[in-house]
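Colleague: 3D model of this:
(chains A and B)
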Protein chains: 2
Amino acid sequence: MKVRDLNRTECLKLLRDARLGRIACARDGQPYVVPFSFAYDEGDHLYGFSTVGQKIEWMRENPKVCIEVEDISDKQNWTTLVIFGLYEELEDIEEFEEERAKARELLGKSPTWWQPAYFVGVARGEFEEVPVFFRVKIVKITGHHSYNENFEKLIPQGQPESLKRKRIRGLW
Amino acid sequence: MKVRDLNRTECLKLLRDARLGRIACARDGQPYVVPFSFAYDEGDHLYGFSTVGQKIEWMRENPKVCIEVEDISDKQNWTTLVIFGLYEELEDIEEFEEERAKARELLGKSPTWWQPAYFVGVARGEFEEVPVFFRVKIVKITGHHSYNENFEKLIPQGQPESLKRKRIRGLW
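Modeller: I've put the predicted structure just below:
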């Protein structure tokens, strides 16, 4: 098995196909990480959706976040992305209408993925929670790609997405 | 789909079967989250292994961590665990010999899982890195389990692990 770094262009290409990641925020030196659904198309922002809860409250206080995305085919074939970013809430006001529409459109392409966060809220009796749309400005993105050396010889470098022989669970 | 909270006993049972999680640490308000391999047996600590790098450096400065573990069968059947914990490095000194032996034994049960971190180090030319063993004291653990209502009726409550019809990629 070998591991190589992915460049920004490769990372963003992979991000476009991803739907599920884990987002970490921090308060008073305590990190907090949970799974979240997102969508990315192009440019410097990815889009997410959540009900109000600990994650949103912490990100409102401190917008510095870190997002991890992974595609693990097996123990020797995996890709990971790590993003340092800034949380930006898309409030339900005219200023953000265009961005909210974009978020809805992108997230709507895999509508069931944002259901978990919503259902957790419902299960807790938080029936009146208003859904929150947000975007994360991608400040820095890095990626690692592991591969089987013999297999790699058959495939041109720079096209890691073509290595995805096994798409797992529709997450990518 | 319904979601219910898991109690501490249920969470720890699930943790025992898990091998891969994501660990978040924080420095100066900036969270950082990466995948990591761990092992848990019983008691208040889980055990991990890594080469020295950003994650270890940050955790040495600030031991507050958060660990996320997930088991997603499909969009409506998933379990997530979130742990707030404290990083404790198991230095290569007599005081920690017993705990280092325990870490080696537990992690050795699935030896290939800690290879990625090592190979990343090698790929970066960090050939002389000394592997670091650490444990995380579990301060708080919470879990959510989603299930299909019709399926759940067939299975007694309190045994979420029995719901795992589809073990993914040997992670659990």
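
Colleague: what about stretch A:68-87, average pLDDT?
Modeller: Stretch A:68-87 comes out with an average pLDDT of 90.

Colleague: What residues of it count as buried?
Modeller: For stretch A:68-87, burial by neighbour count (16 or more other Cβ atoms under 10 Å in any protein chain shown) applies to A:68-73, A:75-85, A:87. C-betas here are computed from N, CA, C, even on glycine.

Colleague: So which of those are in strands?
Modeller: Among the buried residues of stretch A:68-87, the residues falling in strands (DSSP state E) are A:68-73, A:77-85, A:87.

Colleague: Nearest to chain B among those?
Modeller: Relative to chain B, the closest of these is A:Glu68; by Cβ to the nearest Cβ it sits at 4.6 Å.

Colleague: so that closest one touches A:Leu81, yeah?
Modeller: Yes - under the criterion of Cβ atoms under 8 Å, A:Glu68 makes contact with A:Leu81 at 7.1 Å.

Colleague: Can you name the two of the ones in strands among the buried residues of stretch A:68-87 that sit furthest apart?
Modeller: A:Asn77 and A:Tyr87 (32.0 Å; Cβ to Cβ).

Colleague: where exactly do the helices run in chain A?
Modeller: With helices called from DSSP state H, chain A shows them at A:8-17, A:54-61, A:97-108, A:115-123, A:149-152.

Colleague: can you list these in JSON lines and add mean neighbour count?
Modeller: Formatted as JSON lines, those follow (neighbours: other Cβ atoms under 10 Å in any protein chain shown):
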{"stretch": "helix A:8-17", "mean neighbour count": "18"}
{"stretch": "helix A:54-61", "mean neighbour count": "17"}
{"stretch": "helix A:97-108", "mean neighbour count": "15"}
{"stretch": "helix A:115-123", "mean neighbour count": "18"}
{"stretch": "helix A:149-152", "mean neighbour count": "11"}
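
Colleague: For chain B, find the nearest of these.
Modeller: Between the helices of chain A, helix A:115-123 lies closest to chain B; by Cβ to the nearest Cβ that is 4.2 Å.

Colleague: Now the closest one: average pLDDT?
Modeller: 53.

Colleague: How about stretch A:140-155?
Modeller: On average, stretch A:140-155 scores 74.

Colleague: Which strands border the lengthiest strand in chain A, and is each parallel or antiparallel?
Modeller: The longest strand of chain A (DSSP E) is strand A:132-147. Strand A:132-147 has its sheet partners listed here by DSSP bridges as strand A:2-6 (antiparallel), strand A:45-50 (antiparallel), strand A:77-89 (antiparallel).

Colleague: could I get those as JSON lines with distance to B:Glu95?
Modeller: Output for these, formatted as JSON lines (distance: least, Cβ to Cβ, whole Å):
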{"stretch": "strand A:2-6", "distance to B:Glu95": "34"}
{"stretch": "strand A:45-50", "distance to B:Glu95": "44"}
{"stretch": "strand A:77-89", "distance to B:Glu95": "33"}
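
Colleague: quick one: A:Arg27 and A:Glu61 touch, right?
Modeller: Yes - if you go by Cβ under 8 Å, A:Arg27 and A:Glu61 touch, sitting 6.1 Å apart.
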